[in-house]
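Asker: What follows is a predicted structure for the sequence shown.
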Amino acid sequence: MMYTQYLPTLHGGLESKKTTRQPKVVVLAIGSAALLSSVGLSTPSTAQAESACSIPNTIRLSDLSTISTSCSYKVSAIELPDGRQFPIPDPGYSVTLHTLVVEGEDSANDVSIDRSRSGEVTVLLGDAIAQAEIESRMNSSSTRASCTDSYNLLGFSWAGSYGWKYNSENQPSSSALDQLQAGGSRWGGFMSVCNTTLRSNATSKYQGTTSDTPLVNADLTCGFSIGGQSIVGFGPLPTGTLAATCTWRLLSLPVKSDQKYNSNYSWNVSLGCSGNVYDLRGVATHEMGHSFGLGHVDQSSGLVMKPASGPCETGQRDLGYGDALGIAALYP
């Protein structure tokens, strides 16, 4: 279903864990005035222009058709249908939120907001993110789930290592850092899976501790950023969400990728696992995959990059065939 309006183009629908509808894509032509503002050039500044543009800095998607092009420079954030408010990136930048949910529970949709160099803003919600990946492979003919030939590339990779600092506040154990590092290191080197050996040059580099917090907000939005140190840590997230990763890009180059793990859940940091706890190393392997540039695949694939995880799912520590194919394609 498509609706054509003066400013945006809207394809209808949202996706949740329990009910699936058509994905939503929203394109908003912010206009050249916004681009000029972002690089320090002039924007409409007369009293007459300000009076004519009496609109809030944050607008709802449903209100986009009421905003004229001459006033679009005032829009700095978009309110999604579920109430979350995302800052609009500067021209040339984009931000993506990916979440890993508790298997069988609802959570908020993943979100991607891209602003082109000309000022056009594209918003992708839910399944539309996976459908818009730069490259994807899907092949469900394999007889074992872990050998499914499936991966989604998000359209970016790090020129060097993915470097990150750790904030230990709210950590479940002093061993948590070891589990996070193990999740990152799983994506590099030689990988033997499903009778195939692949190689990846992806590297995760722990760069020490920090008092800074991840720019992953408790309401599953991403803070505004134009780059800087990537931060990994723990903090509150909505029920049903185990972890979330926000990644910021300048064009196709990643400049920052923050991860937050939900401090409201109990985490396993041991080699074995039992009880109603979630395996930190396995979940970290998933989130590191997002930071490296991998998107979600279908839940039924059984791969690391599926969008939901159950208690004590230690199998998620090990890459499946599609996971290995994807990371090898990104970091040959």
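Answerer: Structure received. Residues are numbered from 1 along each chain as shown.

Asker: Low-confidence bits of this structure, can you list those?
Answerer: Along the chain, the parts satisfying pLDDT under 70 run over 1-53, 55, 61, 64-74, 107, 119, 127-145.

Asker: how does it look with 80?
Answerer: Judged by pLDDT under 80, the chain has its weakly predicted residues at 1-57, 59, 61-75, 105-108, 118-121, 126-145.

Asker: any idea how it splits into domains?
Answerer: 2-131, 135-233+262-330 (automatic domain parsing).

Asker: Deepest-packed of the ones you listed, please.
Answerer: Greatest average neighbour count among the domains of the chain goes to domain 135-233+262-330 (a mean of 19), per mean count of other CB atoms under 10 Å. Quick note: C-beta positions are derived from backbone N, CA and C, even for glycine.

Asker: Walking through the stretch 151-300 of the chain, point out its helices one by one.
Answerer: Taking DSSP state H, counting those that start in this stretch to define them, one finds helices in the stretch 151-300 of the chain at 176-185, 280-292.

Asker: Those helices: which one's closest to I226?
Answerer: Distance to I226, taken as CB to CB, is lowest for helix 280-292 among the helices of the stretch 151-300 of the chain, at 17.7 Å.

Asker: what's the closest one packed up against?
Answerer: If contacts are counted by 3 or more CB pairs under 8 Å, 6 or more residues apart in numbering; DSSP states H and E, helix 280-292 sits against strand 93-102, strand 162-167, helix 176-185, strand 204-209, strand 241-250, strand 253-262, strand 308-309, helix 321-330.

Asker: now the ones you listed as a markdown table including distance to L80?
Answerer: Putting the helices and strands packed on helix 280-292 into a markdown table (distance: least, CB to CB, whole Å) gives the following:
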| stretch | distance to L80 |
| --- | --- |
| strand 93-102 | 11 |
| strand 162-167 | 27 |
| helix 176-185 | 29 |
| strand 204-209 | 31 |
| strand 241-250 | 15 |
| strand 253-262 | 19 |
| strand 308-309 | 21 |
| helix 321-330 | 28 |
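
Asker: Name the stretch from these that approaches H296 most closely.
Answerer: strand 93-102 (6.9 Å).

Asker: Show me what the closest one is packed against.
Answerer: Using 3+ CB pairs under 8 Å, 6+ apart, strand 93-102 sits against strand 111-115, strand 241-250, helix 280-292, strand 308-309.
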